[in-house]
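Chemist: Could you look at this predicted model? Sequence included:
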Amino acid sequence: MLIDVVSHPNVMDDELVYREPQGGNGQFRMGSQCIVQESQTAIFVRQGQVLDSLPPGGHTLSTGNLPLLSGALKILITSGKTPFTADVYFVNLKDLPAVPWGTNPPIYMETPGKGPGFMLLRNRGVVDIGIEDPIRFLKQYGMGKPIMRLGDIRDRIQTVLLGTITSLLSKQQINNLQAANALIDDLEAGGLALLNEEFVALGLRIKSFQAQGFDIADITQQDLIKYGGNTGTFADLKRLDIAQDAANNPGIGGTAAAAGVGFGVGQQMGGIMNPDAAAAQQQQQQQMNMMMQQMMMNMMNNMNQGNQAQPPAGAAPAGGATPTTKEEIQAMIDSLDMKLASGEISEAVYNKLVAKWEEKLKGM
């Protein structure tokens, strides 16, 4: 079917490229009309080769405005009615505002001598982005597609954006949260040229860049393994698990263990998750740990004095007798939690004894 008029007036908000006809291989002739809307460019492609482009306005196709196409077709301009096959790609040149971006996964930055030896930075924000070089962009992303929208290239945009930010952080040897946020402030204040250097290669431009500011993601055991962090932090994570388990156990023993271990480890984990906060909390941590240990010792003394008269049901036998019931074994395990918290036994001894009594408990 011969196309006498080709245009694309109904552009979607997130649209980048639209092909006419949608199925490809349109039949045109010299003398056909091409209507290009404001903020559009019409690019003619024949047999996968990008040829001429037309700016906004109404155009009658001729050898004057399509010289490359005419040369490729070798049209004998006699009657001007010779048909030819081509695709017309309408490229949207409007800026796409408030395109969201985010750090997923977080940005890895080394922090030598602090916590696990690295931190995971998170951030999110928006950019205003648009097509700067329509032919370059079409060649890389739009060729052969009936339509291309922002979602089709969002991952690519974010990859380039985060790669550029990560490179800037590394080049300036930034290894703390305050310096990272200072870099973002510089970019927002007018350093967009640093970002645009990478996007120019894609045929894109960034006109505005906004970020909410970095924060630091919590670090898990899997993160320590993945990034090769300081293995000494595994012990802190283990104690945190012990505190959480103790808090779930009923009775004063579990509560005291959770208070003594949980608070101290919570402060230590603050240093693991956020290395910059560890130094400021160290003195407070030591004071509070001493208070919690004293409280736990007082609670244990009071409990032992009451137990001398009449041992409560389920308590471990007096005089060092071997536990024989499920209740007595559980009470023994609870007491081991408290001994570990107060430093009476090492973690290795704790693990060995707990494994022994839990195995016996399972067999009952």
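Modeler: That came through, no problem.
Chemist: Give me the distance between Arg124 and Thr111.
Modeler: 22 Å (C-beta to C-beta, to the nearest Å). Bear in mind the C-beta positions are built from the backbone N, C-alpha and C, glycine included.
Chemist: ok, these two, which is more surrounded?
Modeler: A count of neighbours by other C-beta atoms under 10 Å puts Thr111 above the other of Arg124 and Thr111, at 18 against 14.
Chemist: Leaving out chain neighbours, which residue sits closest to Asn25?
Modeler: Distances taken as C-beta to C-beta, 6 or more residues apart in numbering put Thr85 closest to Asn25, at 5.3 Å, once the chain neighbours are dropped.
Chemist: Pretty sure Ile333 is one of the things Val354 touches, is it not?
Modeler: Yes. Val354 sits in contact with Ile333 when judged by C-beta atoms under 8 Å, with a separation of 6.0 Å.
Chemist: Of those two, which one has the most company?
Modeler: Neighbour tally, Val354 and Ile333, criterion other C-beta under 10 Å: the higher count belongs to Ile333, 20 against 16.
Chemist: Just give me how far the helix or strand hosting the more buried one sits from the chain centre.
Modeler: Element membership for Ile333, per DSSP states H and E: helix 326-342. Here helix 326-342 shows a centroid-to-chain-centroid distance of 41 Å under the convention C-alpha atoms, centre = their mean, to the nearest Å.
Chemist: try stretch 173-188
Modeler: Distance, centroid of stretch 173-188 to centroid of chain: 17 Å (C-alpha atoms, centre = their mean).
Chemist: Give me the distance between the nearest residue to Ser7 once chain neighbours are set aside and Gln222.
Modeler: Excluding its sequence neighbours, the residue lying closest to Ser7 (C-beta to C-beta, 6+ apart) is Ile35, at 3.8 Å. In this structure, Ile35 and Gln222 are 57 Å apart, going by C-beta to C-beta.
Chemist: These two: which has the busier surroundings?
Modeler: Remark: of Ile35 and Gln222, Ile35 carries more neighbours, 17 against 8, as counted by other C-beta under 10 Å.
Chemist: from memory the more buried one sits against Val6, does it?
Modeler: Yes. If you go by C-beta under 8 Å, Ile35 and Val6 touch, sitting 7.4 Å apart.
Chemist: Buried residues in the helix or strand hosting Val6, which are they?
Modeler: With secondary structure defined by DSSP H and E, Val6 is part of strand 5-7. Residues of strand 5-7 classed as buried: 6-7 (neighbour count, 16 or more other C-beta atoms under 10 Å).
Chemist: same check, this time on stretch 23-37
Modeler: 26, 28-30, 32, 34-37.
Chemist: What is the nearest of those to Asp13?
Modeler: Gln37 (14.3 Å; C-beta to C-beta).
Chemist: what's that closest one in contact with, if anything?
Modeler: Gln37 makes contacts with 7-9, 11, 56, 90, as judged by C-beta atoms under 8 Å, 6 or more residues apart in numbering.
Chemist: pLDDT weak spots in the stretch 251-364 of the chain?
Modeler: 251-322, 340-343 (pLDDT under 70).
Chemist: can you rerun that using 80?
Modeler: For the stretch 251-364 of the chain, the stretches flagged by pLDDT under 80 are 251-324, 326-327, 329-332, 334-352, 357, 361-364.
Chemist: re earlier: return the subset of the buried residues of stretch 23-37 lying in helices.
Modeler: Using DSSP state H, no member of the buried residues of stretch 23-37 falls within helices.
Chemist: can I get those residues in a markdown table with pLDDT and distance to Leu183?
Modeler: Output for those, formatted as a markdown table (pLDDT from 0 to 100; distance: C-beta to C-beta, whole Å):
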| residue | pLDDT | distance to Leu183 |
| --- | --- | --- |
| Gly26 | 93 | 49 |
| Phe28 | 92 | 51 |
| Arg29 | 88 | 56 |
| Met30 | 87 | 55 |
| Ser32 | 93 | 52 |
| Cys34 | 97 | 46 |
| Ile35 | 98 | 46 |
| Val36 | 98 | 41 |
| Gln37 | 97 | 39 |
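Chemist: Looking at the residues you listed, which are in strands?
Modeler: Secondary structure from DSSP state E places 26, 28-29, 34-36 of the buried residues of stretch 23-37 in strands.
Chemist: what helix or strand is Val127 on?
Modeler: strand 124-131.
Chemist: The residue most central in space within the chain and Arg154, how far apart?
Modeler: Nearest to the mean C-alpha position of the chain, counting by C-alpha atoms, centre = their mean, stands Asn104 at 1.6 Å. To Arg154, Asn104 is 12 Å away according to C-beta to C-beta.
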